[in-house]
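Novice: no sequence on this one, just coordinates:
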C-alpha cells in the first residue's frame with residue numbers, strides 16, 4: 001500500500017522569501033502547479049532587509065542615473081569579492097543576466113528609482129536609491145572602474161517589503177497556492193532516494209482566532225524581536241505551545257520536485273557555535289525560521305554542505321561620510337583595515353584578527369564635520385547608532401590620554417597616527433591602502449575614540465548573516481549528495497544553498513543571489529520528473 005497524501009502539487013516550495021517567491025513564479029511560468037509552504041505569513045528575512053539588489057553591467061536604472069558600467073567591470077570586481085564560492089562560469093552568468101534580472105523584477109511590480117547617492121554610505125536614506133553598496137571605491141579595487149550597483153527597492157525605511165510584497169502578489173495572480181502557518185519538518189523519499197514530498201506541522205485547521213494570534217506574535221518576533229532577543233525567545237516559546245496544541249501533521253506530494261528556500265541558520269545558535277564559534281555577540285539577522293531547518297532536512301537525505309563557517313558580520317562605520325577619513329584601530333593601536341571598505345569586510349577583520357575590539361579615531365575638526373553630516377545623511381537607525389557612539393566616546397586632550405582611557409596601547413596609537421600623517425605629508429601610499437582622497441591628517445585635539453567593537457547592543461548592533469548551505473548544481477540548483485550526485489526531486493535556493501555570496505558579502509549580493517538562484521531552481525524543478533508515484537493516494541487537494 002502506498003503513502004497517503006493530504007495535498008498534492010507539481011512543485012513544492014518551502015519558504016516564501018525572495019528566493020521562494022522567485023522559484024514559485026518561474027515554476028508557474030514554466031507550466032507547473034506550485035504550492036508554497038510557509039512557516040509564518042511570508043516574506044522571511046528578505047522582508048526585514050534593506051531591499052538592496054546588487055546589479056550592474058548597464059541596468060536600466062544605472063543608465064537612467066547616468067552611471068556607466070560594463071559586465072567586464074562588474075565581473076572583475078565580484079571575482080575578487082566572491083572568490084571560489086561559485087565557478088567562474090556561474091559568476092559570469094550571474095553578471096550577464098544582471099540587467100535582465102532587474103527587468104524581471106520590474107515586470108513583477110518591484111519598484112526602483114534612479115536617484116544617485118552623492119556620498120559613500122552603508123545604506124542611503126529615503127532620498128536615494130542607487131549607491132556604492134560594496135567596496136568599489138576602496139583601495140584594493142582601484143584598478144577596476146567603479147560603478148554604483150546597489151539598487152535599493154523604492155520604499156520608505158528599510159524597503160525589503162517592497163521586494164517581497166510585489167513578488168508574492170505576482171505569484172498569487174499567476175495561480176501559486178500558499179499554505180501559511182505550515183512548518184515543513186521532513187523530506188519524504190521513495191525507495192530509490194528521490195524526494196517525492198514533505199511532511200509538515202500546520203495550523204491550517206486551527207481556529208481563526210488561534211491563527212490570527214499566531215500570526216501577530218510571529219510578526220512581533222520577527223521585528224522588533226530581531227533587535228531584542230529576550231522578547232523573541234519569549235514569543236517563540238508561545239508560538240511553539242500554540243503549534244503543539246492546535247497543529248496537525250500533513251503530507252504533501254510533490255509530483256515533480258521540492259525547492260528548499262527556507263533561509264540560513266543564524267537563528268540556530270547551536271549550529272552557529274558548531275560551525276562559526278567566533279561569531280557571537282551580534283544581531284541575528286533573520287527570522288525565527290532561519291534555524292537551518294532546510295539545510296538539516298537536506299542533510300538527512302544525503303545532501304552535502306559547504307561554507308558553513310562563513311558568517312557575514314556587519315560593522316558599518318558610515319554614515320557620516322566624513323568617517324572615511326577616520327582611523328579604525330585595535331587594542332594595540334594598529335590600523336585594522338581601509339576605512340572605506342564595506343562593513344562586512346570591516347566586521348570580519350575585527351572578529352577574526354582583532355578579537356572583536358575596535359575604535360574609530362577622529363580629531364576634533366573631523367568630528368565636527370561628522371556631527372554636521374549625520375542629520376542629512378543618516379536614516380533614523382543610523383542616526384541612533386551614531387548618537388550611541390558619540391555619547392559613549394572616549395575623549396582626551398592628547399592621543400596618549402585618549403588611548404589610556406580607552407584601554408588602547410598609547411605608544412601603538414601614536415606610532416599609527418605618525419605613520420598615517422607622514423604618508424599624507426610625503427605623498428606615500430596610505431599604510432592600509434586607503435585612497436588618498438579619503439585621507440586627512442589627525443592633528444587637532446581633543447581626540448575622539450568611538451567604540452565600534454563587536455558586542456551585544458540594542459542601539460548599535462552588529463548584524464550577522466550565515467552564508468553557507470547545501471551544495472547545489474550551479475546550472476540547475478539541484479541539491480548534491482556528499483558523493484557529488486544530484487538528489488532527484490530536490491532543489492535549493494537562497495541562503496539554504498551555497499551561492500554567489502557564500503564566500504564574501506556586500507550589500508545586495510544575497511538578495512540578488514536569492515532571485516537568481518530561486519529562478520534557476522524554479523525553472524529546473526518545473527521540468528523535473530521523479531518516480532512514477534502510481535501508488536500515491538491523495539486525500540485532499
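Specialist: Received it, and whenever you're ready, just let me know what you need. Being a predicted model, the structure only gives us computed values, none of them experimental.
Novice: in stretch 306-319, what counts as buried?
Specialist: With burial defined by 16 or more other Cβ atoms under 10 Å, the residues of stretch 306-319 counted as buried are 306-308, 310-319. Every residue, glycine included, has its C-beta placed from N, CA and C.
Novice: with stretch 401-415 instead?
Specialist: Buried, per 16+ other Cβ under 10 Å, within stretch 401-415: 401, 402, 403, 406, 408, 409, 410, 412, 413.
Novice: make a markdown table out of those and add distance to residue 351.
Specialist: Formatted as a markdown table, these follow (distance: Cβ to Cβ, whole Å):
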| residue | distance to residue 351 |
| --- | --- |
| 401 | 28 |
| 402 | 24 |
| 403 | 22 |
| 406 | 19 |
| 408 | 18 |
| 409 | 20 |
| 410 | 25 |
| 412 | 20 |
| 413 | 21 |
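Novice: farthest-apart pair in those residues, please.
Specialist: 401 and 412 (14.6 Å; Cβ to Cβ).
Novice: quick one, helices of the stretch 151-300 of the chain?
Specialist: Under the criterion DSSP state H, counting those that start in this stretch, helices of the stretch 151-300 of the chain are mapped to 161-173, 208-222, 229-246, 269-275, 293-300.
Novice: could you dump these into a markdown table with mean pLDDT and mean neighbour count added?
Specialist: Below are the helices of the stretch 151-300 of the chain laid out as a markdown table (pLDDT from 0 to 100; neighbours: other Cβ atoms under 10 Å):
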| stretch | mean pLDDT | mean neighbour count |
| --- | --- | --- |
| helix 161-173 | 98 | 21 |
| helix 208-222 | 96 | 16 |
| helix 229-246 | 95 | 14 |
| helix 269-275 | 95 | 16 |
| helix 293-300 | 98 | 22 |
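Novice: residue 6 touches residue 250, doesn't it?
Specialist: Yes: the pair residue 6 / residue 250 is scored as a contact, 4.0 Å apart, by Cβ atoms under 8 Å.
Novice: for the chain, which spans come out with low pLDDT?
Specialist: For the chain, the stretches with pLDDT under 70 are 1, 529-541.
Novice: residue 425: how many residues sit nearby?
Specialist: By other Cβ atoms under 10 Å, 9 other residues sit near residue 425.
Novice: A strand includes it, no?
Specialist: No: under DSSP: H, G, I helix; E, B strand; the rest coil, residue 425 falls outside any strand and is assigned helix.
Novice: separation between it and residue 141?
Specialist: 26 Å (Cβ to Cβ, to the nearest Å).
Novice: residue 64 versus the nearest residue in space to residue 258 that is not next to it in sequence, what's the distance?
Specialist: Closest residue to residue 258 apart from its sequence neighbours, by Cβ to Cβ, 6 or more residues apart in numbering: residue 12 at 4.7 Å. Distance from residue 12 to residue 64, counting by Cβ to Cβ: 39 Å.
Novice: the two: which has the busier surroundings?
Specialist: A count of neighbours by other Cβ under 10 Å puts residue 12 above the other of residue 12 and residue 64, at 32 against 14.
Novice: residues touching the more buried one, list them.
Specialist: Going by Cβ atoms under 8 Å, 6 or more residues apart in numbering, residue 12 touches 34, 35, 36, 37, 197, 198, 252, 254, 257, 258, 259.
Novice: what ranges does the stretch 1-150 of the chain have for its helices?
Specialist: Under DSSP H, counting those that start in this stretch, the stretch 1-150 of the chain gives helices at 18-29, 44-48, 60-65, 71-82, 88-96, 98-107.
Novice: will you turn those into JSON lines that also has distance to residue 417?
Specialist: Below are these laid out as JSON lines (distance: least, Cβ to Cβ, whole Å):
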{"stretch": "helix 18-29", "distance to residue 417": "44"}
{"stretch": "helix 44-48", "distance to residue 417": "40"}
{"stretch": "helix 60-65", "distance to residue 417": "38"}
{"stretch": "helix 71-82", "distance to residue 417": "30"}
{"stretch": "helix 88-96", "distance to residue 417": "40"}
{"stretch": "helix 98-107", "distance to residue 417": "42"}
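Novice: between those, which one is closest to residue 463.
Specialist: Using Cβ to Cβ, those put helix 44-48 closest to residue 463, at 10.2 Å.
Novice: which secondary structure elements does the closest one contact?
Specialist: helix 18-29, helix 161-173 (3 or more Cβ pairs under 8 Å, 6 or more residues apart in numbering; DSSP states H and E).
Novice: tell me the contacts of the nearest residue to residue 504 once chain neighbours are set aside?
Specialist: With Cβ to Cβ, 6+ apart as the criterion, residue 504 has its nearest non-adjacent residue at 4.8 Å, and that residue is residue 81. Listed by Cβ under 8 Å, 6+ apart, the contact partners of residue 81 are 134, 135, 503, 504, 506, 509.
Novice: thought the fifth one was touching residue 132?
Specialist: No: the pair formed by residue 506 and residue 132 falls short of the contact definition of Cβ under 8 Å, at 9.5 Å.
Novice: who's more crowded, the two?
Specialist: The neighbour count for residue 506 versus residue 132, taken as other Cβ under 10 Å, is higher for residue 506 (26 against 23).
Novice: any idea which strand is longest in the protein?
Specialist: Scanning the chain for the strand with the most residues, using DSSP state E, yields strand 248-260.
Novice: so which of the helices and strands packed on helix 44-48 comes closest to residue 87?
Specialist: Nearest to residue 87, of the helices and strands packed on helix 44-48 and by Cβ to Cβ, is helix 18-29 at 19.8 Å.
Novice: residue 177: how many residues sit nearby?
Specialist: Residue 177 has 16 neighbouring residues, counting by other Cβ under 10 Å.
Novice: excluding chain neighbours, what is closest to it?
Specialist: residue 35 (4.8 Å).
Novice: ok, now residue 384?
Specialist: Per Cβ to Cβ, 6+ apart, closest to residue 384 is residue 459, 5.4 Å.
Novice: the one you found - how many residues pack around it?
Specialist: 14.
Novice: ok, it - contacts?
Specialist: Residue 459 sits next to 384, 385, 387, 388 when contact means Cβ under 8 Å, 6+ apart.
Novice: helix, strand or coil: sort out it for me.
Specialist: coil.
Novice: quick one: it from residue 283, how far?
Specialist: Distance of residue 459 to residue 283, given as Cβ to Cβ: 11 Å.
Novice: cool, and residue 351?
Specialist: For residue 351, the distance to residue 283 (Cβ to Cβ) stands at 14 Å.
Novice: these two: which is more packed in?
Specialist: residue 351 (25 against 20).
Novice: hmm, that one is touching residue 279, no?
Specialist: Yes: if you go by Cβ under 8 Å, residue 351 and residue 279 touch, sitting 6.4 Å apart.
Novice: what do those two both touch?
Specialist: Counting by Cβ under 8 Å, 6+ apart, the residues touching both residue 351 and residue 279 are residue 313.
Novice: which residues touch residue 330?
Specialist: Residues near residue 330 by Cβ under 8 Å, 6+ apart: 336, 350, 354, 355, 357, 358, 359, 408.
Novice: burial check on the spatially closest residue to residue 50 that is not a sequence neighbour, number of neighbours?
Specialist: Spatial nearest neighbour of residue 50, excluding adjacent residues (Cβ to Cβ, 6+ apart): residue 158 at 4.7 Å. By other Cβ under 10 Å, the residues close to residue 158 number 20.
Novice: against residue 208, how distant is residue 158?
Specialist: Per Cβ to Cβ, residue 158 is found 31 Å from residue 208.
Novice: and residue 409, by the same measure?
Specialist: Residue 409 sits 63 Å away from residue 208, going by Cβ to Cβ.
Novice: kindly report the same for residue 285.
Specialist: Per Cβ to Cβ, residue 285 is found 32 Å from residue 208.
Novice: same question, residue 41
Specialist: Distance, residue 41 to residue 208, using Cβ to Cβ: 14 Å.
Novice: great, nothing more from me.
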